[in-house]
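here is the input, now give the coordinates:
(chains A and B)
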2 protein chains.
Amino acid sequence: MISDTAFAELSSVLETRLTRSKSELDQHGLSETWFPLTPPEAVAYPESTEEVSQIMKICHAHGIPVTAFGAGTSLEGQTLAISGGIVVDFTRMNRVLRVNDADMDAIVQPGITREELNVELRTTGLMFPVDPGANASLGGMAMTRASGTTAVKYGTMKENVIGLEVVLADGSIIHTGSRARKSAAGYDLTSLMVGSEGTLGLITEMTVRLHGQPEAISAAVCSFEEMGPAVEAVIATIQVGLPMARIEFLDAESVRAVNAYSGADFPLKPHLFVEFHGSEGAVAEQVELFGEIIHDFGGSDFEWASKAEDRNALWTMRHHAYWACLALRKGAKAVVTDICVPISKLAEAVEETAQDIEASPIQGPILGHVGDGNFHAILLVDPNDTEEIKLAKDLAHRMAERALKFGGTITGEHGIGFGKKSLMDAEHGAAWAVMGQLKKALDPTNILNPGKLIP
Amino acid sequence: MISDTAFAELSSVLETRLTRSKSELDQHGLSETWFPLTPPEAVAYPESTEEVSQIMKICHAHGIPVTAFGAGTSLEGQTLAISGGIVVDFTRMNRVLRVNDADMDAIVQPGITREELNVELRTTGLMFPVDPGANASLGGMAMTRASGTTAVKYGTMKENVIGLEVVLADGSIIHTGSRARKSAAGYDLTSLMVGSEGTLGLITEMTVRLHGQPEAISAAVCSFEEMGPAVEAVIATIQVGLPMARIEFLDAESVRAVNAYSGADFPLKPHLFVEFHGSEGAVAEQVELFGEIIHDFGGSDFEWASKAEDRNALWTMRHHAYWACLALRKGAKAVVTDICVPISKLAEAVEETAQDIEASPIQGPILGHVGDGNFHAILLVDPNDTEEIKLAKDLAHRMAERALKFGGTITGEHGIGFGKKSLMDAEHGAAWAVMGQLKKALDPTNILNPGKLIP
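Predicted coordinates for the structure are as follows:
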């Protein structure tokens, strides 16, 4: 509980930018998945690092839980204040502070969304390519180690965040990393913070890597009669080292959802959506080689989208696939899964998962970033039917076990939050306790996003 | 001091593989730079993870300092037992445990050297490209976050270590990472361990990323009249996104050293050594474009080495450049520097450094991995002349300040050890104390490589 004294102290820092209005509390208590509404006690909208530091000092002194909030698009409850306390909403810290064209990096505040950043970069010839689908905030993407459709070429947030300004639990401010392309100067605190889901500190500034806007882009769609050969074609493509910018798999059920939601008319078969980036010559060469591979695995002819508007339509469809899947069943919520396996095990993992879902009463389209070995089953449930939720969670649990059996991970990009906490021990064993020791060292009173990620 | 009881306990685990022979102690008390001989009290040669765990349990119980040793090629005293205790030499844990061709990764023991690993990989079509010059052990390379000539294309150890087995201070064994290409499952312990210089745990097994052996390789050498345009040509090359596999700068003094040491006859001018990897077509395209850039900056025509033996001779010369520089002055040792700056600041940083050295009585050839913004001045000193060592260290200190002024780092690839500890505060400020807190959490009695890296 936030005491009146503590609230008054926070108010003296934030004035009207600290609120307990029911609508704002509720808005920050929502999630994109099946979790019930969990409003915090108050919402703070800081405008500077100094304000974030003061918030933390006050919360530290009073033992108030602090949960960071960017765009609210996380999928494992990362932004829900499950232990009460305040949510720190970074919407007002959303500026680009500097773009270093020559070094291809930018310093931004954490509340900026990836689309906002790319709009600002439009005239520079540079782009920030990490694309989890949702128009997430960069701070949130860093904190969940997000990736998405383009990671196969450009890497995840791990590879694209090179430095951070972080406010720690006690309000102290640290800077991690540098603008150099590499460093061997001590522990990699940047990588420790990326993926820590707001449990070790709050990001107030970040230096991100930018990439050149490609000279040429080609995107295409092709279908397969069966799921197996589609995935095997991806494996073969990865293994010959063809540098795809995106390669997405959608099973027949996902395609049905996309058709219905976006008014498309793809055949109801497993599909690959792909994109190549590079020089005109390189893209042409890649497209040709990829065509041969697809042909070998019995894929259909491609429908190519070289015009920007056609490509945008295609990727908008892909980005809306989650909501398209939800719309397959009225009133449904999703138990979202997110396993990632070594490429060589991808076909087995996808097929076993499809059979498992098939054998259950749960509807669960499968789609994913197969170039990374990462895929999702969107398990549709009636949020009021506890039995159905249990069945879906059992399916999700078996998927996670399958990922581990194949040497993979329980989450490729969504993170842990509290949704996947029960699986952490299976993946990490004794290393999970080590995460707990690190957490305790940096946040001894456990006020930073308590109840998430850590034992 | 290792008590007789402790020694007996360690002996019961290691038998004859625990030694106090003077020659072996001395051999493990040497360093590649100007540090005086620092023999440990004993050397252990474990053969398994279980033995390493038992060693740590005994040392933990008795408060014995433990310093890990791979090939002994580190440059900042990382392997020196400056607080006494034992050195754990991983020479006998040097096997390749598994190569996963399809996923392009390998599981190896930490004592294997990069050359040994590449010999084992020769028939697979795969390679481990990280190349710091010295034939270092992979464990040591991971622990110093090493990189070298090929990082500009293939990344550093940070990007190429994807999972670890680590024995912690108390002897417990953890596994970090997975074989998936990405994961969002909790804190990135792999990245925390990589670069931690044996202060957080001992690596007993590692999963590393492999890369395809390139279809075509072209290497070349060209010279410039002045240092400035050579470096500016590199900056331009990076900025157009040309994917070089290697791009090395040597100033005229380094070239003189290489000529004398390796019997070459390069003109006594600043040089670039470059290499391109890729398909035949891609390499040809890159070579042509690079030629145009070099021409624009007044570089000489290239001498191309397309035959493997000519390329090997070239890179052997580059790899021996450190010893070549040492040989410029009889009996000299080196104060080695290793700054890394944003690419846009590289020319300024190199030129300011050259002027600073020029204005001092110290001889200091400059060379480096300029594609990463990383370069070294090899400051030659008489190891018995404290005044000269002081002058060299002052020069090194000013280089580090210069790196920080330009937004860079005090060490691109050599790490901290105790040689650069005094500079950590300037680079990290309050974040250095955070490293200390993490260290204390995982090694509360400070037995793992005490005196290195941490405040």
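
use CA for all of it now, contacts and neighbours both
Fine.

okay, now the sheet partners of the helix or strand of chain A with the lowest mean pLDDT, with direction.
Scoring the helices and strands of chain A by mean pLDDT, DSSP states H and E places strand A:303-305 at the bottom, with a mean of 82. Applying DSSP bridges to the sheet, strand A:303-305 is found paired with strand A:216-223 (antiparallel).

neighbours around the closest residue to chain B within the stretch 351-455 of chain A, how many?
Taking C-alpha to the nearest C-alpha, chain B has its nearest neighbour within the stretch 351-455 of chain A at A:Gly412, 4.2 Å off. Residues within reach of A:Gly412, counting by other C-alpha atoms under 10 Å in any protein chain shown, total 29.

what residues sit buried inside the least confident helix or strand of chain A?
By neighbour count, with 16 or more other C-alpha atoms under 10 Å in any protein chain shown as the criterion, the buried positions of strand A:303-305 are A:Trp304, A:Ala305.

residues of stretch A:311-328 that come out buried?
Neighbour-count burial for stretch A:311-328, counted by 16+ other C-alpha under 10 Å, picks out A:311, A:314-315, A:317-328.

just the ones of those residues in helices?
When DSSP state H is applied, these are split such that A:Arg311, A:Leu314, A:Trp315, A:Met317, A:Arg318, A:His319, A:Ala321, A:Tyr322, A:Trp323, A:Ala324, A:Cys325, A:Leu326 fall in helices.

mind putting those residues into TSV with pLDDT and distance to chain B?
Compiled in TSV, those are given as follows (pLDDT from 0 to 100; distance: C-alpha to the nearest C-alpha, whole Å):
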residue	pLDDT	distance to chain B
A:Arg311	91	24
A:Leu314	92	25
A:Trp315	93	22
A:Met317	92	24
A:Arg318	92	21
A:His319	92	20
A:Ala321	94	21
A:Tyr322	93	19
A:Trp323	94	22
A:Ala324	96	25
A:Cys325	96	23
A:Leu326	95	24
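
so how far is A:Gly368 from the residue of the stretch 351-455 of chain A closest to chain B?
Separation of A:Gly412 from A:Gly368 (C-alpha to C-alpha, to the nearest Å) stands at 10 Å.

which residue ranges form the helices in the stretch 101-250 of chain A?
Secondary structure of the stretch 101-250 of chain A, counting by DSSP state H, counting those that start in this stretch: helices at A:114-121, A:138-143, A:151-154, A:157-160, A:189-193, A:227-239.

out of those helices, which one sits most buried?
When the helices of the stretch 101-250 of chain A are scored by mean count of other C-alpha atoms under 10 Å in any protein chain shown, the highest mean neighbour count falls to helix A:138-143 (a mean of 30).

residues from the stretch 1-150 of chain A in reach of chain B?
By the criterion of C-alpha under 8 Å from any C-alpha of the partner chain, the positions of the stretch 1-150 of chain A lying close to chain B are A:Ala102, A:Asp103, A:Thr144, A:Arg145, A:Ala146.

who touches the first one in this structure?
Right, the one you point to is A:Ala102. With contacts taken as C-alpha atoms under 8 Å, 6 or more residues apart in numbering or on different chains, A:Ala102 has the following neighbours: B:Gln239, B:Ile343, B:Ser344.

can you count the residues close to A:Gly281?
As a burial measure, the neighbour count of A:Gly281 was computed by other C-alpha under 10 Å and equals 12.

for it, give me phi and psi.
For A:Gly281, the backbone dihedrals (degrees, to the nearest 10) come out as phi -60, psi -50.
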